[in-house]
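Chemist: here's a sequence, model it:
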Amino acid sequence: MYQLKTKETDQDVVEFIETSLPSTAKKEDAYKLIDLFSEVTSLAPKMWGTSIIGFGSYHYRYDSGHEGDAPIVGFSPRKARISLYLTTEEETRTFYLEQIGKHKTGVGCVYINKLADIKEEILREFIEKSVELIHEKYQVFD
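Modeler: This is a model prediction of the structure:
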């Protein structure tokens, strides 16, 4: 049976940041993002897998039968880029991506080099919309 790789863990978020991030600037961005995500969601940060800092959790089930738990929103402060995990409808995603600032996108992620490259107020709204959508569509455990 398939086992999800990304599960909530007991790893300490601060320890992860202090031991995994190479530069002071990356660490500062990670702490600022924790403050922002925590403020918007009213949830504490938790580690998911080895490198994702997530806020809250929800249970999803696809039509294919695949199911699991995931953070409502989160980010991963990787060495090269910061991955933002936000879930919105395509139209909403496009709206925020047009305004957020310098970024790249993947299937489910928004990648930024540093927090200074984006507009934090737009990120705040993007997080709020993501949280709203997850609460509308899924069973939330936050």
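
Chemist: what lies in contact with the helix or strand of the chain with the lowest mean pLDDT?
Modeler: The least trusted helix or strand in the chain, going by mean pLDDT, DSSP states H and E, turns out to be strand 139-140, with a mean of 82. For strand 139-140, contacts defined as CB atoms under 8 Å, 6 or more residues apart in numbering pick out 56-59, 72, 134. The C-beta positions use only the backbone N, C-alpha and C, and glycine is treated the same way.

Chemist: now the buried members of those.
Modeler: When these are checked for burial by 16 or more other CB atoms under 10 Å, the buried set is 56-58, 72, 134.

Chemist: now, among those residues, which is nearest to Glu121?
Modeler: Nearest to Glu121, judged by CB to CB, of those is Ile72 at 20.1 Å.

Chemist: tell me the pLDDT at that closest one?
Modeler: pLDDT recorded at Ile72 is 96.

Chemist: can you tell me how far it is from Glu120?
Modeler: Relative to Glu120, Ile72 is positioned 19 Å away (CB to CB, to the nearest Å).

Chemist: just Ile112 next, same as before
Modeler: 11 Å.

Chemist: just want to know which of the two has more residues nearby.
Modeler: Taking other CB atoms under 10 Å, Ile112 and Glu120 do not tie; Ile112 has more neighbours (22 against 14).
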